[in-house]
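K.L.:
quick one: sequence plus predicted model below, questions after.
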Amino acid sequence: MKLSLVLYIAVMAGVTYLIRAVPLVAFRKKITNPYVKSFLYYVPYAVLGAMTVPAIFYATGSVTSACIGFVAAFVPAFMGKSLITVALTASAAAFFGELFF
């Protein structure tokens, strides 16, 4: 049992190292291709969205209140309001949605 745990940790350490080292080795020169630059520009936003959006729907006791909070957050975010305003609006909407549903 202990050996397998050490093996799992070693494999994950190797994978993590490779994910970080391969781009440094593969791209030695400055990237000038506009397609690649635009692709790399949007990667952090895509990863953040892929991690955040599924977590939104399981953050509360029911998917209904989570959807209410999501919609309530989307409206002020789309209007360009501050992050604290969006977070407070979403939290309040999810809280009251949980109370009524």
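P.N.:
In hand now; what should we look at? Residues are numbered from 1 along each chain as shown.

K.L.:
right, and residue 67 touches residue 58 too?
P.N.:
No: Residue 67 lies out of contact with residue 58 (Cβ atoms under 8 Å); the separation is 11.6 Å. For glycine as for every other residue, the C-beta is placed from the backbone atoms N, C-alpha and C.

K.L.:
who's more crowded, those two?
P.N.:
residue 67 (17 against 9; other Cβ atoms under 10 Å).

K.L.:
and the more buried one, what does it touch?
P.N.:
Residue 67 sits next to residue 57 when contact means Cβ atoms under 8 Å, 6 or more residues apart in numbering.

K.L.:
so how far is residue 74 from it?
P.N.:
Remark: distance between residue 67 and residue 74 (Cβ to Cβ, to the nearest Å) = 10 Å.

K.L.:
next: residue 44.
P.N.:
Distance, residue 44 to residue 74, using Cβ to Cβ: 20 Å.

K.L.:
tell me the first helix or strand C-terminal of the helix or strand hosting residue 55.
P.N.:
Using DSSP states H and E, residue 55 sits within helix 34-56. Remark: after helix 34-56, the chain's next helix or strand is helix 63-78, criterion DSSP H and E.

K.L.:
off-centre distance for that following helix?
P.N.:
16 Å (Cα atoms, centre = their mean, to the nearest Å).

K.L.:
how about the next helix or strand after that helix: buried residues?
P.N.:
Under the assignment DSSP H and E, the closest C-terminal helix or strand after helix 63-78 is helix 83-100. Within helix 83-100, the residues that qualify as buried are 86, 89, 90, 93, 94, 97, 98, counting by 16 or more other Cβ atoms under 10 Å.

K.L.:
also stretch 71-86?
P.N.:
Applying 16+ other Cβ under 10 Å to stretch 71-86 flags 72, 73, 76, 77, 86 as buried.

K.L.:
let's have the residues you listed in a markdown table, adding distance to residue 32 and pLDDT.
P.N.:
Listed next are those as a markdown table, based on distance: Cβ to Cβ, whole Å; pLDDT from 0 to 100:
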| residue | distance to residue 32 | pLDDT |
| --- | --- | --- |
| 72 | 43 | 96 |
| 73 | 38 | 95 |
| 76 | 39 | 97 |
| 77 | 34 | 95 |
| 86 | 37 | 96 |
